[in-house]
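Colleague: dropping a prediction and its sequence here:
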Amino acid sequence: MLGALKSSLKAGDLRKRILFTLMMFFVFRIGAHIPTPGINTDAIEALIKGGAGNILGFFDVISGGAFKRFSIFAMSITPYINASIIMQLLTVVIPKLEKLQKEGEEGRKKITQYIRYATIALGFIQALGMAFTLRAAGALTNPGIGSYLMIAVTLTAGTAFLMWLGEQITEKGIGNGISLLIFAGIVASLPGALYRIYESVVAGTVNIFSVILLVVIAALVIAAIVAVNEGQRRIPVQYAKRVVGRRVYGGQSTHIPLKVNQAGVIPVIFASSILLFPSTVAQFFPNNAVSQWITDVFRWGGPTHTIMYALLIIFFTYFYTAITFNPMDVADNMKKYGGFIPGLRPGRPTAEYLDKILTRVTLSGAIFLALIAVLPTFVLLTTKIQNVYFGGTGLLIVVGVALETMKQIESHLLMRHYQGFMK
């Protein structure tokens with residue numbers, strides 16, 4: 001491991017990419033400490049520790065503590081993620097977007113531009129909603145239309161800057177920039193979580209055995225995430241030999257890798273965003289009986305919220321997998337190039353077989369994602385450790401991003417004949 005790290009620093013281009021990524025992390029951490037004007041941060045901290053604590057605490061972890069300080073990066077990169085997911089869904093139902101996606105590099109650039117515009121629009125709407133919610137919580141020092149607009153513009157600009165920062169990391173650094181910014185935010189929150197646990201142990205409110213149990217659960221979850229992320233069902237494919245002139249093409253055996261977790265962490269993010277919407281709207285009418293009922297039903301960690309959260313994750317896992325993997329297209333491409341699955345006819349029988357296998361594999365991944373997402377609720381009940389939000393979803397993101405980044409570094413090292421990280 002140390003030898004591979006030393007080799008990565010020796011390779012000139014790779015060293016520049018790693019140092020550039022670290023420099024962008026430094027800029028990100030500076031921005032997380034620049035406060036948004038007109039906000040009472042003590043009221044924000046009280047809100048995080050209050051009834052909505054776990055969901056707001058999770059967003060604080062994602063933003064690397066920027067939400068608790070309500071800095072210019074308080075919304076993190078969440079609007080960009082939502083815009084990307086929405087645009088991906090729209091490419092299925094809008095023929096023009098689907099055509100752009102199939103046009104290659106130029107089409108993808110156009111779609112990326114649309115995602116940027118959608119990010120600004122969603123960010124501004126979300127920022128306005130946060131400003132009105134903070135007014136209800138008494139977190140604004142000077143409530144008024146000017147204050148709302150200033151907060152909305154500041155937070156939207158912060159999200160736009162993070163979007164640009166992520167694109168720069170993807171282009172000039174190593175790994176996916178947007179994912180790495182979320183990764184950096186979660187990892188930056190880890191020392192604070194560990195210190196809170198230490199304080200609880202010293203104060204006697206948490207038993208040392210509860211801490212040991214938490215560590216054991218975290219280790220098991222990390223091992224399970226690695227196993228599921230790397231797990232895949234390999235469908236064997238045989239290509240028939242073709243003679244073109246004096247050359248022979250095909251004749252080799254390969255496979256189609258169907259990943260267990262095809263959708264990644266996207267279903268979790270989408271499900272949490274949808275479940276957050278009703279309680280956010282209810283906070284605009286704090287004295288209304290219906291709003292109080294909605295707040296109680298959608299309370300983070302409550303039985304109704306937990307069940308709906310798990311069901312939505314399973315639904316969006318299937319939905320997103322169906323969008324990103326089309327068995328009929330795969331079967332048609334195989335048929336076009338003379339490929340077939342042994343024992344199956346090319347065309348529709350192959351597509352039906354792939355669809356059946358994909359449905360079974362996706363069920364395992366969907367149930368796993370749902371269990372990981374609701375894990376913090378059960379860990380809290382088991383260990384009694386409060387105000388620690390580095391739960392299953394955070395671990396899922398950190399481990400997934402770490403594995404993907406290591407694979408990119410691995411490919412750079414192997415290109416230069418160095419030994420990689422993974423053996």
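Modeller: Arrived safely, thanks for sending.

Colleague: how far away is Pro95 from Ile409?
Modeller: Using Cβ to Cβ, to the nearest Å, Pro95 is found at 39 Å from Ile409. For glycine as for every other residue, the C-beta is placed from the backbone atoms N, C-alpha and C.

Colleague: higher neighbour count, the two?
Modeller: Remark: of Pro95 and Ile409, Ile409 carries more neighbours, 23 against 9, as counted by other Cβ atoms under 10 Å.

Colleague: count the residues that sit near Thr41.
Modeller: Residues lying near Thr41 (other Cβ under 10 Å) number 14.

Colleague: for stretch 133-152, measure first residue to last.
Modeller: One end of stretch 133-152 sits 12 Å from the other (Cα to Cα, to the nearest Å).

Colleague: any weak-confidence spans in the stretch 201-350 of the chain?
Modeller: The model of the stretch 201-350 of the chain has pLDDT under 70 over residues 241-251, 277, 279-286, 301.

Colleague: all strands for it, in order.
Modeller: All strands of the stretch 201-350 of the chain, identified by DSSP state E, counting those that start in this stretch, fall at 232-239, 242-244, 247-249, 253-259, 339-340.

Colleague: now the first one: buried residues?
Modeller: The neighbour-count check on strand 232-239 (16 or more other Cβ atoms under 10 Å) flags 232, 235, 237-239 as buried.

Colleague: closest one to Tyr337 out of those, please.
Modeller: Taking Cβ to Cβ as the measure, Tyr337 lies nearest Tyr239 of those, at 6.7 Å.

Colleague: let me see the mean pLDDT of the helix or strand hosting Ser411.
Modeller: According to DSSP states H and E, Ser411 maps onto helix 392-415. Averaging pLDDT along helix 392-415 yields 78.

Colleague: return the alpha-carbon coordinates of that helix using PDB.
Modeller: C-alpha atoms of helix 392-415 as PDB (Å, rounded to 0.1, in the frame of the first residue of the first chain):
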ATOM      1  CA  GLY A 392     -25.000   3.900   6.800                       C
ATOM      2  CA  THR A 393     -25.600   6.400   3.900                       C
ATOM      3  CA  GLY A 394     -22.400   8.300   4.800                       C
ATOM      4  CA  LEU A 395     -20.400   5.100   4.800                       C
ATOM      5  CA  LEU A 396     -22.000   4.000   1.600                       C
ATOM      6  CA  ILE A 397     -20.900   7.200  -0.100                       C
ATOM      7  CA  VAL A 398     -17.400   7.200   1.400                       C
ATOM      8  CA  VAL A 399     -16.600   3.600   0.600                       C
ATOM      9  CA  GLY A 400     -18.100   3.800  -2.900                       C
ATOM     10  CA  VAL A 401     -16.200   7.000  -3.800                       C
ATOM     11  CA  ALA A 402     -12.900   5.700  -2.300                       C
ATOM     12  CA  LEU A 403     -13.200   2.500  -4.400                       C
ATOM     13  CA  GLU A 404     -13.800   4.400  -7.600                       C
ATOM     14  CA  THR A 405     -11.000   6.800  -7.000                       C
ATOM     15  CA  MET A 406      -8.600   4.000  -6.100                       C
ATOM     16  CA  LYS A 407      -9.500   2.300  -9.400                       C
ATOM     17  CA  GLN A 408      -8.600   5.400 -11.300                       C
ATOM     18  CA  ILE A 409      -5.300   5.800  -9.500                       C
ATOM     19  CA  GLU A 410      -4.700   2.100 -10.200                       C
ATOM     20  CA  SER A 411      -5.300   2.500 -13.900                       C
ATOM     21  CA  HIS A 412      -2.800   5.500 -14.000                       C
ATOM     22  CA  LEU A 413      -0.200   3.400 -12.200                       C
ATOM     23  CA  LEU A 414      -0.600   0.300 -14.300                       C
ATOM     24  CA  MET A 415      -0.200   2.500 -17.500                       C
END
